[in-house]
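Undergrad: Let's see this in three dimensions:
(one chain, ligands or ions: 1)
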Amino acid sequence: MLEYSNTSAASAQAKFDIHADWATYTAQFTVSNSNPLKLNYLIGKTLGADPAANNTPHTISFDDIVVREVQGGPPVIPPSGTLDNGTFDVDATGWSQYFDGIGSASVQEGEFAINLTGTGQAPYSAQVDYENLKLVQGKTYTLKFKARSTVNRNIQVAVEHKGGDYTKYMEAELVALTQNMDEYSYTFTMNGATDAGVHLVFLLGLIDGNSTETNSEISAGSTIYLDDVSLIEG
Ligand SMILES: [Ca+2]
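TA: Numbers count the residues shown, from 1 in each chain. Sure, this is the predicted structure:
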């Protein structure tokens, strides 16, 4: 797994299935800010095709690592800084997802459906997020969304800088989902310096307050639905 920055978002990483023979692997990514680039090769436990590989002594060799600008690529559209797709009417444009092998997210009938088959080891083991949001220092923002879950359970939602130290602008809120599509609303003031690298993140992994029984029900196969997500001034 190769991360292009200090983030573990699916949009900023690539996974390679490597073999005993030398081969060349490539991945293309777009830089959205002027932060220093970090290439982070994750070579710990991964979910590959060979389940025995994690426990088999082996050596990984790298050579000829090159990062260069792609010439003549598609024009890069600067992000708007606002959450432009919270209704999932067409697709999940703007949203990223990350799962420790325990789920996937897709648009189903105008809602963002997150299927889970486990909790992972941490809140962020399952997450969906919307990045490139801009928050202005001193302004007040309201986050609203509708959500339900096939299993009554807690999730967390936070607004924070994406990457680095993940500075929290809205501390992680515990949200108790039920099988009813309820609306949740949170208001907070941006106390940090103006930041265009903010993300809204729903943490759907191992969450405090979910009982062992609840976690078992989640892992048996459950779905969370999100819709009408907005993050606006005021
Ligand atoms: Ca919708």
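Undergrad: What are the neighbouring residues in contact with the residue of the chain at minimum distance from the ion?
TA: As assessed by C-beta to the ion, the ion sits closest to Gly110 within the chain, at 3.6 Å. (C-beta placed from N, C-alpha, C; glycine too.) Gly110 sits next to 87-89, 227 when contact means C-beta atoms under 8 Å, 6 or more residues apart in numbering.
Undergrad: residues near the closest residue in space to Thr46 that isn't next to it in sequence, how many?
TA: Spatial nearest neighbour of Thr46, excluding adjacent residues (C-beta to C-beta, 6 or more residues apart in numbering): Met1 at 6.0 Å. Number of residues near Met1 (other C-beta atoms under 10 Å) recorded here: 14.
Undergrad: One more: Gly221?
TA: If we define neighbours as other C-beta under 10 Å, then Gly221 has 13 of them.
Undergrad: Tell me where the model's unsure across the protein.
TA: 5-11, 48-49 (pLDDT under 70).
Undergrad: run the last query once more with 90
TA: For the chain, the stretches with pLDDT under 90 are 1-79.
Undergrad: What segments of it are strands?
TA: Using DSSP state E, the strands of the chain run over 2-3, 13-14, 40-41, 95-99, 103-108, 111-116, 126-135, 140-149, 153-161, 168-177, 182-189, 195-203, 222-233.
Undergrad: Turn these into a markdown table, including mean neighbour count.
TA: Listed next are the strands of the chain as a markdown table, based on neighbours: other C-beta atoms under 10 Å:
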| stretch | mean neighbour count |
| --- | --- |
| strand 2-3 | 18 |
| strand 13-14 | 16 |
| strand 40-41 | 12 |
| strand 95-99 | 22 |
| strand 103-108 | 18 |
| strand 111-116 | 22 |
| strand 126-135 | 24 |
| strand 140-149 | 18 |
| strand 153-161 | 22 |
| strand 168-177 | 16 |
| strand 182-189 | 13 |
| strand 195-203 | 22 |
| strand 222-233 | 19 |
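Undergrad: Close to the ion: what parts of the protein are there?
TA: Neighbours of the ion within the chain, by C-beta under 5 Å from the ion: 87-88, 110, 227.
Undergrad: In a markdown table, list those along with distance to Ala23.
TA: Shown next, in a markdown table, are the residues of the chain next to the ion (distance: C-beta to C-beta, whole Å):
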| residue | distance to Ala23 |
| --- | --- |
| Thr87 | 42 |
| Phe88 | 38 |
| Gly110 | 42 |
| Asp227 | 43 |
